[in-house]
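In: Next input, structure requested:
(4 chains)
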Number of protein chains: 2
Amino acid sequence: MGNHPRLQDRADSREGVPFLPDYVLFLLASTSAAASEEFHAEVRANGLRVPEWRVLACLSDADGQMVTRLAALSLMEQSRLTRIIDQMDARGLVERRSDAADRRRVRVFLTPAGADLARRMIDKARAHETALLDRLPGGSGRELKRLLRVVYRELCADD
Amino acid sequence: MGNHPRLQDRADSREGVPFLPDYVLFLLASTSAAASEEFHAEVRANGLRVPEWRVLACLSDADGQMVTRLAALSLMEQSRLTRIIDQMDARGLVERRSDAADRRRVRVFLTPAGADLARRMIDKARAHETALLDRLPGGSGRELKRLLRVVYRELCADD
DNA sequence: AACGAAAATATGAAATCGCATCTTTTGAAA
DNA sequence: TTTCAAAAGATGCGATTTCATATTTTCGTT
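Out: Numbers count the residues shown, from 1 in each chain, chains lettered A, B, ... in the order given. Predicted coordinates for the structure are as follows:
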């Protein structure tokens, strides 16, 4: 057998090569954080926390969702959403109604005030998104969005 | 003037069109969450919380960073990182050394045990990333990664 | 040098979060 | 029709997180 050095022969063939800048989970999380930062500041300036804004947006798309489903869509744990709904209910933004067909279920609905606020915030979100995508070079933002739709759908399909 | 209906004439020209599935910040956050879920479970199975894993990975790329910079890279608030460093220090994963040139600064270094753990976790992360990208259809994962590099760089440039 | 503003980190206290578990309700099997 | 596992949501409580601010150190002016 020849004495060609195998990869394993050196301590680490990737010595000195940075990991994170080429790691997709880092890129996803960091890009998401960087892109959201500005708008999240606007959310807070409008008296909402990010999870509350997510709930409003989800319900605006599909009102009357179950707590567990809404938690998944809003990227938070169920027990956390329960308490966020408590607070939003107390503020008159949403209300709970128990499902007649299955009384374990609780469906969450926007109040008129919640629906108004959701509309206003969604308008702001659309404007911010347009500005964000316009500022990215050569349509890369819109191309990124297209790919994200593909990949997101694929990742959710496994569930 | 003609009586063509203008967009503003109807209450909302987007009535019934869902917002979130076409909103880039939603797609980014949700895709990031969905893609990271599996690996984050592995992180926790190895006795680390996600923020701790991020710190290890950052320091593995560039040891001895300042607290504030490390917090930004690790996607958390500075005061939170301070306490996470406390815990990781107590576990013997990292250590603080004050910067001789500017004594306000605290630099964070991996201990040998921390560096070992970082190496092992990065190996797992690389394997997981490969599997993840292979499972996405038609190279869309690798194309997404390419675009994320472009967009992330652009978003950070404004800072 | 003395001063004040700004930077880097730490910390106290209140709010929030997450895990485990509880209760209620359903569905299905025996 | 009884029983039992699973599903949906709520809750207690310890741990974490955040916000505001304190502390220490540096830097640029005067």
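In: and chain A, which of its residues are near DNA strand C?
Out: For chain A, the residues in contact with DNA strand C (Cβ under 7 Å from any atom of the strand) are A:49, A:51, A:76-77, A:79-80, A:83-84, A:87, A:102-104. Any C-beta I mention is one placed from the backbone N, CA and C, and that applies to glycine too.
In: Which members of those additionally contact chain B?
Out: Residues of those in contact with chain B (Cβ under 8 Å from any Cβ of the partner chain): none.
In: Make CSV out of those and add secondary structure, neighbour count and distance to B:Ala35.
Out: CSV is the format used below for these (DSSP: H, G, I helix; E, B strand; the rest coil; neighbours: other Cβ atoms under 10 Å in any protein chain shown; distance: Cβ to Cβ, whole Å):
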residue, secondary structure, neighbour count, distance to B:Ala35
A:Arg49, coil, 14, 24
A:Pro51, helix, 19, 20
A:Met76, coil, 17, 17
A:Glu77, coil, 10, 18
A:Ser79, helix, 10, 24
A:Arg80, helix, 12, 21
A:Arg83, helix, 10, 27
A:Ile84, helix, 20, 24
A:Gln87, helix, 13, 30
A:Asp102, coil, 8, 32
A:Arg103, coil, 8, 36
A:Arg104, coil, 7, 31
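In: Dump the residues you listed into JSON lines; add pLDDT and distance to A:Tyr152 as well.
Out: Formatted as JSON lines, the residues of chain A next to DNA strand C follow (pLDDT from 0 to 100; distance: Cβ to Cβ, whole Å):
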{"residue": "A:Arg49", "pLDDT": "97", "distance to A:Tyr152": "24"}
{"residue": "A:Pro51", "pLDDT": "98", "distance to A:Tyr152": "19"}
{"residue": "A:Met76", "pLDDT": "97", "distance to A:Tyr152": "18"}
{"residue": "A:Glu77", "pLDDT": "97", "distance to A:Tyr152": "20"}
{"residue": "A:Ser79", "pLDDT": "98", "distance to A:Tyr152": "25"}
{"residue": "A:Arg80", "pLDDT": "98", "distance to A:Tyr152": "22"}
{"residue": "A:Arg83", "pLDDT": "98", "distance to A:Tyr152": "27"}
{"residue": "A:Ile84", "pLDDT": "98", "distance to A:Tyr152": "23"}
{"residue": "A:Gln87", "pLDDT": "98", "distance to A:Tyr152": "29"}
{"residue": "A:Asp102", "pLDDT": "96", "distance to A:Tyr152": "29"}
{"residue": "A:Arg103", "pLDDT": "95", "distance to A:Tyr152": "33"}
{"residue": "A:Arg104", "pLDDT": "96", "distance to A:Tyr152": "29"}
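In: what about the nearest residue to A:Leu59 once chain neighbours are set aside, distance to DNA strand C?
Out: Spatial nearest neighbour of A:Leu59, excluding adjacent residues (Cβ to Cβ, 6 or more residues apart in numbering or on different chains): A:Leu110 at 4.8 Å. To DNA strand C, A:Leu110 is 20 Å away according to Cβ to the nearest atom of the strand, to the nearest Å.
In: for A:Ile85, same thing?
Out: 11 Å.
In: One more: A:Leu133?
Out: Distance, A:Leu133 to DNA strand C, by Cβ to the nearest atom of the strand: 29 Å.
In: Can you report how many residues lie near that residue?
Out: When neighbours are defined as other Cβ atoms under 10 Å in any protein chain shown, A:Leu133 has 18 of them.
In: same thing with A:Ala115?
Out: Around A:Ala115 there are 17 residues (other Cβ under 10 Å).
In: Now do the same for it: helix, strand or coil?
Out: The three-state label given to A:Ala115 by DSSP: H, G, I helix; E, B strand; the rest coil is helix.
In: ok, how many other residues are close to the closest residue to it other than its chain neighbours?
Out: Once flanking residues are discounted, A:Ala115 sits nearest to A:Ser60: 6.9 Å by Cβ to Cβ, 6+ apart. Applying other Cβ under 10 Å, we find 19 residues neighbouring A:Ser60.
In: got it, and the one 5 residues further on?
Out: A:Gln65 is surrounded by 21 other residues when neighbours are defined as other Cβ under 10 Å.
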